[in-house]
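K.L.:
sequence? don't have it. structure:
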């Protein structure tokens, strides 16, 4: 286990986000705790989101096929084939003569079944999008916390460096003052009365 950071992330998060730690939402407190524990926030979102039930996976496949050019071409070919078969090829023995009432019934049933399946797939995609937005928020917030902590560390280092520089400058001024006094004393020897 890595050593705990010397920055109090919870106290700093209160300063950065305003208010007390109790006012931070649970997601933010969880992300702050990840920063405190030095744990990784990012994981492969594909592994998190690809856990679909059989029905969800089937709805996704049906929606993907129903929204493809392959489906459109096959569907148009089937419609043209049905019309050609029932108008010209079978003539008076057609299964579904000209107003194509049976074809309309089949098309209505396909539409009635296909619409809810597509909506299920869209709902699942919307749920995945919400999960990804939450995941993105967590990763971005942790990165922002780390950047703010780095800024504070850099500011503290810069302040320490400036203080050391000022101390060194003061020591040099003191040394220079003593040297000037010695030179002045050497140039003006005390007179003996």
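P.N.:
Arrived safely, thanks for sending. What you see is a predicted model; the values in this text were computed from it and never measured.

K.L.:
What count of nearby residues applies to residue 86?
P.N.:
Residues within reach of residue 86, counting by other CB atoms under 10 Å, total 19. C-betas here are computed from N, CA, C, even on glycine.

K.L.:
for it, what are its contacts?
P.N.:
94-98, 100, 103 (CB atoms under 8 Å, 6 or more residues apart in numbering).

K.L.:
For the residues you listed, which two are the farthest from each other?
P.N.:
Comparing all pairs in the contacts of residue 86 by CB to CB, the longest separation belongs to 95 and 98, at 12.0 Å.

K.L.:
Need the distance between the two termini of stretch 82-91.
P.N.:
13 Å (CA to CA, to the nearest Å).

K.L.:
what mean pLDDT does it have?
P.N.:
Average pLDDT, stretch 82-91: 83.

K.L.:
out of the contacts of residue 86, who's nearest residue 176?
P.N.:
Closest approach between the contacts of residue 86 and residue 176, by CB to CB: residue 103, at 104.1 Å.

K.L.:
And the pLDDT at the closest one?
P.N.:
What the model reports as pLDDT for residue 103 is 94.

K.L.:
That one and residue 87: what is the separation?
P.N.:
Shown here: residue 103 relative to residue 87, a distance of 11 Å by CB to CB, to the nearest Å.

K.L.:
Need the single longest helix in the chain, by residues.
P.N.:
helix 101-187 (DSSP state H).

K.L.:
Could you check how far that one is from the centre of its chain?
P.N.:
Taking CA atoms, centre = their mean, to the nearest Å, one finds helix 101-187 lying 12 Å from the centre of the chain it belongs to.

K.L.:
who touches residue 118 in this structure?
P.N.:
So residue 118 contacts 59, 62-63, 66-67 (CB under 8 Å, 6+ apart).

K.L.:
who wins for most neighbours among those residues?
P.N.:
The most crowded member of the contacts of residue 118 is residue 59, carrying 21 neighbours; neighbours defined as other CB under 10 Å.

K.L.:
what's the average pLDDT for the strand or helix carrying that residue?
P.N.:
Using DSSP states H and E, residue 59 maps to helix 54-66. Helix 54-66 comes out with an average pLDDT of 90.

K.L.:
about what we covered before: just name the closest of the contacts of residue 86 to residue 125, please.
P.N.:
Among the contacts of residue 86, and counting by CB to CB, the member closest to residue 125 is residue 103, at 31.7 Å.
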